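Visitor: got a structure for you, letters missing:
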Ligand SMILES: Cc1cc2nc3c(=O)[nH]c(=O)nc-3n(C[C@H](O)[C@H](O)[C@H](O)COP(=O)(O)OP(=O)(O)OC[C@H]3O[C@@H](n4cnc5c(N)ncnc54)[C@H](O)[C@@H]3O)c2cc1C
């Protein structure tokens, strides 16, 4: 393992905030990563894994603990038991967009709509990354991970990771601990061998974003190019020359509310139904069964509402900033909080709280942050 000079996390995160940790380790092989994590966990100090730093909001004070930066690289191509598919086993530190570029160059489909998402492959399942209706859950087979509780490495199928909308059992949601504290070592995806020709694009959200008619065929390379161009227009591809990209992507999650609450919001607010949980199985002990089975109770599904719409309609325009602050909403995207230079985490947190307050007083709900917060509170 390599102990590095503990750089301020402002230099290692895309929101460009954060004090230095007490210790910083860098691991370039899986063996190094496993050995480092076991040693760090033996010390029982605070720690976290760092990939590309693109989904982290870190406070200004020094982090009193250890950061383990994952720099492992590599893609291994393997046969799949499904005809017409291949598997890619990818090291956790591999750059996500470099993986997408590789898949597209190989004529493999399944992740091309997620072109341009910053960060590492190992962090991708942590919040089940997604864009334009494609999510990693659709192609993820399994991960190799190391559990903090046991220190053991195991292969965990995707179905055991609790992957949902921008969440998994591994994600540190604001204000709570993850259900499973573990570090992903490798990620195995299963992709369709579609080649370089045109093929019909599945998914209405992706077709709409790309302006394609149902059944219209395009190549995976075409999808990648158009997604990258669309994302760049919204400041959603990292670009050192564009401060609108000095962000953690979407800072607030779309809010999931009850159907009755959603009816109190203006009709114009975009909303999407969330599939309800399946009804619990009704168990009637045989001794108590009198021949009557109650009818199933209809459950009204929850509704996901657009956080960007709520922000803009609480009177905050793109580019909004508080007086004298160096933090601002992106000029291209109302959900991205951006660092316009050397804003502190305190300035970004002040802006985030102001936005939450405006949305709450206008619409009665509190937006929740999407990035993982370290050493900072809202
Ligand atoms: C401009 C921009 C656009 C974005 N667009 C999107 C988008 O379209 N869709 C989307 O879903 N996200 C988007 N994001 C968010 C971000 O890119 C993703 O969440 C990405 O997967 C984070 O990867 P990372 O390596 O940077 O993770 P980091 O920020 O380094 O870490 C994020 C969290 O994952 C943990 N972690 C990191 N590596 C591992 C590992 N190997 N094992 C276990 N835990 C780990 C960290 O401890 C931390 O809790 C965007 C971000 C930016 C800056």
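Guide: That came in fine, so what should we check first? Keep in mind it's a predicted model, so treat the numbers as computed, not measured.
Visitor: Spell out which parts of this protein neighbour the ligand.
Guide: Counting by CB under 6 Å from any ligand atom, the residues of the chain close to the ligand are 14, 48-56, 70, 92, 117-120, 122-124, 126-127, 129-131, 170, 172, 183-184, 236, 238, 245, 247-249, 372. The way it works is simple: take the backbone N, C-alpha and C, and place the C-beta from them, glycine included.
Visitor: Take these and keep only those in strands.
Guide: 48, 49, 50, 56, 70, 130, 131, 183, 184, 372 (DSSP state E).
Visitor: and the helix or strand harbouring residue 22, which strands flank it?
Guide: Assigned by DSSP states H and E, residue 22 falls within strand 21-27. With DSSP bridges as the test, strand 21-27 is paired with strand 2-4 (antiparallel), strand 63-70 (parallel).
Visitor: Pick the most buried one from the ones you listed.
Guide: strand 63-70 (a mean of 22; mean count of other CB atoms under 10 Å).
Visitor: List of residues touching it?
Guide: 4, 6, 9, 12, 18-27, 33, 36-37, 40, 43, 45-51, 92-93, 120, 122, 183, 374-375 (CB atoms under 8 Å, 6 or more residues apart in numbering).
Visitor: neighbour-wise, which of the ones in strands among the residues of the chain next to the ligand leads?
Guide: residue 70 (29 neighbours; other CB atoms under 10 Å).
Visitor: Dump the strands paired with strand 21-27 into TSV; add distance to residue 153 and mean pLDDT as well.
Guide: Output for those, formatted as TSV (distance: least, CB to CB, whole Å; pLDDT from 0 to 100):
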stretch	distance to residue 153	mean pLDDT
strand 2-4	20	89
strand 63-70	14	98
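Visitor: May I have the beta-bridge partners of whichever residue of the stretch 251-378 of the chain sits closest to the ligand?
Guide: Proximity of the stretch 251-378 of the chain to the ligand (CB to the nearest ligand atom) peaks at residue 372, 3.8 Å away. Beta bridges link residue 372 to residue 56 when assigned by DSSP bridges.
Visitor: For residue 353, see how far away it is.
Guide: 18 Å (CB to CB, to the nearest Å).
Visitor: Could you do residue 265 as well?
Guide: The gap separating residue 265 from residue 353 is 22 Å, by CB to CB.
Visitor: When the two are compared, which one has more neighbours?
Guide: Set residue 265 next to residue 353 and count neighbours by other CB under 10 Å: residue 265 wins out with 21 against 12.
Visitor: Out of the ones in strands among the residues of the chain next to the ligand, which comes closest to residue 107?
Guide: residue 131 (20.6 Å; CB to CB).
Visitor: Tell me who's in contact with the residue lying closest to the closest one once chain neighbours are set aside.
Guide: Using CB to CB, 6 or more residues apart in numbering and skipping residues adjacent in sequence, the residue nearest residue 131 is residue 114, 5.1 Å away. By CB under 8 Å, 6+ apart, the contact set of residue 114 is 96, 100, 129, 130, 131, 132, 134, 135, 136, 227.
Visitor: Now list the buried members of those.
Guide: Using 16 or more other CB atoms under 10 Å as the burial test, the contacts of residue 114 include 96, 100, 129, 130, 131, 132, 134, 135, 136, 227 as buried.
Visitor: Could you dump these into JSON lines with pLDDT added?
Guide: Shown next, in JSON lines, are the buried ones among the contacts of residue 114 (pLDDT from 0 to 100):
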{"residue": "96", "pLDDT": "98"}
{"residue": "100", "pLDDT": "98"}
{"residue": "129", "pLDDT": "97"}
{"residue": "130", "pLDDT": "95"}
{"residue": "131", "pLDDT": "95"}
{"residue": "132", "pLDDT": "91"}
{"residue": "134", "pLDDT": "95"}
{"residue": "135", "pLDDT": "95"}
{"residue": "136", "pLDDT": "98"}
{"residue": "227", "pLDDT": "97"}
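Visitor: quick one on the thing from earlier: out of the contacts of residue 114, which one sits closest to residue 149?
Guide: Distances from residue 149 to the contacts of residue 114, taken by CB to CB, are shortest for residue 136, at 24.4 Å.
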